[in-house]
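1. Pasting the sequence and the predicted coordinates here, then a few questions.
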Amino acid sequence: MAKVYNCTVKLANGKWVTYHSVNHLAKFVMFIDTKEWLYFNVYDNEDKSKSNVILASYQNGKNRNVPTTKNI
């Protein structure tokens, strides 16, 4: 079964956007590249404890680091 993530994205205009059920991180980056984003955090979608533990954090810009694979 595919791993599913929740992602919160900080946009350049200062707004936060949350995407639920992200199942391919590399394709998700291609999607958000159509917007002006600063960074995004990845959370486990199956963690129902409301602990909000960040699995990974990625940034855009000068020191860009983004996932190149489907999963972390």
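-> Right, received. Where do you want to start?

2. And the strands in the chain?
-> Assigned by DSSP state E, the strands in the chain fall at 5-11, 16-22, 37-44, 54-59.

3. ok now the shortest one, how far from the chain's centre?
-> Going by C-alpha atoms, centre = their mean, to the nearest Å, the spacing between the C-alpha centre of strand 54-59 and its chain's C-alpha centre is 7 Å.

4. elements contacting that strand?
-> strand 37-44 (3 or more C-beta pairs under 8 Å, 6 or more residues apart in numbering; DSSP states H and E). Bear in mind the C-beta positions are built from the backbone N, C-alpha and C, glycine included.

5. Okay, angle between the strand it packs on and strand 54-59 too, please.
-> For strand 37-44 against strand 54-59, the angle by axes from the mean of the first three to the mean of the last three C-alpha atoms, to 10 degrees is 170 degrees.

6. got the CA positions of strand 37-44 in PDB?
-> Presented in PDB, the C-alpha positions along strand 37-44 are these (Å, rounded to 0.1, in the frame of the first residue of the first chain):
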ATOM      1  CA  TRP A  37       6.100  28.800  -2.500                       C
ATOM      2  CA  LEU A  38       8.800  29.200   0.200                       C
ATOM      3  CA  TYR A  39       8.800  25.900   2.000                       C
ATOM      4  CA  PHE A  40       6.600  22.900   2.900                       C
ATOM      5  CA  ASN A  41       6.400  20.400   5.700                       C
ATOM      6  CA  VAL A  42       5.500  16.800   5.400                       C
ATOM      7  CA  TYR A  43       3.400  14.900   8.000                       C
ATOM      8  CA  ASP A  44       2.300  11.300   8.300                       C
END
